[in-house]
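Enquirer: this one's sequence-less:
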């Protein structure tokens with residue numbers, strides 16, 4: 001193959017990587033970029049690749065060469081304006097060229113107008129950007145105020161300002177009673193902020209559902225009948241945890257029914273559940289209630305709480321003599337009909353520090369287990385070598401969890417460790433509008449966006465897991481921390497630093513780390529969190545060498561023992577019944 005042909009093929013591949021958001025492949029291509037690849041197309045793709053990696057200053061330098069050679073095309077100018085918009089910079093040359101050469105290109109015009117507005121009236125620009133996010137979340141099919149209200153909360157959520165939820169206008173709060181879905185949304189958001197208003201809203205929420213007397217206890221079946229109820233049996237944290245649990249034998253001692261109120265179910269779960277998998281999404285509420293009661297369950301387990309497509313109306317009317325809030329929700333349900341909230345000693349300190357309506361029950365082991373096998377993508381991905389160069393911290397949690405306190409502390413960490421970088425996924429990298437708003441929040445918190453690498457979302461779970469190979473240490477946000485991301489990071493050989501809070505939502509990562517026998521990564525204060533990050537930088541070589549050993553450590557810990565969790569859960573349910 002001629003050199004020119006090989007170059008063209010390589011550039012075509014790079015263009016495909018950029019379009020598909022394959023971060024690792026872009027990084028690999030740019031690492032071995034030959035010096036003689038200086039054609040306009042090659043430079044443009046190099047600049048676009050650097051921009052995709054979040055290396056904006058390097059991208060600007062490459063685009064500068066194209067401008068100097070008078071070779072910049074629409075993609076270059078659009079990328080320049082996007083960087084200006086995201087970073088809050090002003091580039092007079094980019095603006096004037098966009099006005100002169102591409103006045104009608106909507107992609108360019110959008111960023112040009114926002115930059116001009118930001119220069120003249122930054123307050124109005126922020127409002128405009130937020131309104132843009134709101135309209136994006138509402139969509140063209142939104143016509144009712146209930147949908148609009150719910151999407152206002154979605155806009156808070158997607159822009160990382162869920163902390164504004166407690167300050168909703170009184171007129172909106174007054175409409176909550178008439179809209180159970182909206183009420184569920186508010187309740188969930190308050191719980192995720194560890195907000196003291198949560199108990200009040202959760203109690204009020206329970207009243208919005210029609211309910212009847214609970215199912216009267218019948219004679220307990222010789223084989224206990226348990227129903228696991230959720231809309232999240234697809235490739236979702238709940239679905240993955242339940243598949244690991246069933247794979248470890250949870251469905252052997254008695255009868256376990258999987259009651260799916262969502263759309264999809266993972267093939268592995270379908271195979272494990274067999275004819276005890278019930279699809280109820282096509283039935284209305286009354287039909288679902290009838291179908292579940294026909295199973296004569298002894299225990300009904302709610303795996304989703306007030307999250308999306310919740311089953312609160314079903315549990316409010318009684319599905320079994322014993323009803324349990326477990327695993328899929330990070331707060332009390334507030335339902336009088338819910339008997340038990342199930343966790344462990346780390347999730348539920350004694351005495352309990354947050355509001356709850358259920359009886360608190362603590363398992364004598366970690367409340368979950370992480371033991372993926374070849375039936376899950378997680379079990380098929382090997383631990384990857386550590387990255388090279390200065391330390392790279394990372395966080396793969398949703399943008400809603402990036403509180404101002406979290407960003408301020410991360411800023412202190414990056415300032416204290418020369419050359420340190422922060423890789424964020426946060427499910428925003430494919431949406432420049434959200435990235436722009438988050439980066440403005442970063443600046444207000446003292447965090448330099450130039451030190452941040454935005455990772456793209458991945459089409460396959462395996463690719464997502466491999467992105468942990470790009471970071472050395474995972475940083476857990478607060479007060480809303482991670483659970484599945486903590487398990488994933490440890491599984492991929494990446495330690496996690498977390499701050500122990502007072503609520504379930506701020507203790508999940510700590511529970512996972514204690515379950516993995518890694519309490520040394522749990523900080524008691526923000527200063528301790530900073531100290532742990534600096535210690536990790538000092539021990540970087542040994543941490544990078546120990547990635548494979550960390551997975552092995554997890555596998556031999558209580559966290560890695562799904563069979564023990566299955567046994568303890570079964571014993572717990574038998575005793576409660």
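Expert: That came through, no problem. The structure presented is a predicted model; accordingly, all values stated were derived computationally and were not measured. Residues are numbered from 1 along each chain as shown.

Enquirer: what sits up against the helix or strand encompassing residue 204?
Expert: Remark: residue 204 resides in helix 198-207, with elements defined by DSSP states H and E. With contact meaning Cβ atoms under 8 Å, 6 or more residues apart in numbering, helix 198-207 is reached by 176-177, 180, 183-184, 186-187, 190-191, 306, 312, 316, 331-336, 354-357. The way it works is simple: take the backbone N, C-alpha and C, and place the C-beta from them, glycine included.

Enquirer: so how do I select the buried members of those residues in ChimeraX?
Expert: Command for ChimeraX that selects the buried part of the contacts of helix 198-207, burial taken from 16 or more other Cβ atoms under 10 Å:
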select :176,180,183,184,186,187,190,191,306,312,316,331,332,333,334,335,354,355,356,357
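
Enquirer: just the contacts of helix 198-207: which are in helices?
Expert: 180, 183, 184, 186, 187, 190, 191, 312, 316 (DSSP state H).

Enquirer: can you lay out these as JSON lines showing distance to residue 399 and pLDDT?
Expert: Converted to JSON lines, those look like this (distance: Cβ to Cβ, whole Å; pLDDT from 0 to 100):
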{"residue": "180", "distance to residue 399": "26", "pLDDT": "77"}
{"residue": "183", "distance to residue 399": "24", "pLDDT": "80"}
{"residue": "184", "distance to residue 399": "21", "pLDDT": "84"}
{"residue": "186", "distance to residue 399": "19", "pLDDT": "84"}
{"residue": "187", "distance to residue 399": "20", "pLDDT": "87"}
{"residue": "190", "distance to residue 399": "18", "pLDDT": "88"}
{"residue": "191", "distance to residue 399": "18", "pLDDT": "90"}
{"residue": "312", "distance to residue 399": "26", "pLDDT": "92"}
{"residue": "316", "distance to residue 399": "32", "pLDDT": "92"}
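
Enquirer: show me the shaky parts of the stretch 201-350 of the chain.
Expert: 208-220 (pLDDT under 70).

Enquirer: next, the distance between the ends of stretch 250-263.
Expert: This stretch, stretch 250-263, spans 24 Å end to end (Cα to Cα, to the nearest Å).

Enquirer: what residues of it count as buried?
Expert: Quick answer for stretch 250-263 (16+ other Cβ under 10 Å): 250, 251, 253, 254, 255, 256, 257, 258, 259, 260, 261, 262.

Enquirer: contacting residues for the fourth one?
Expert: Which is residue 254. Taking Cβ under 8 Å, 6+ apart, one finds 221, 223, 224, 225, 226, 570 in contact with residue 254.

Enquirer: which of these are buried?
Expert: 224, 225, 226, 570.

Enquirer: looking at those residues, which are in strands?
Expert: 225, 226 (DSSP state E).

Enquirer: neighbours of the spatially closest residue to residue 490 that is not a sequence neighbour, just the number please.
Expert: Sequence neighbours aside, residue 554 is the residue nearest to residue 490 in space, at 5.0 Å (criterion: Cβ to Cβ, 6 or more residues apart in numbering). For residue 554, the neighbour count with other Cβ atoms under 10 Å is 22.
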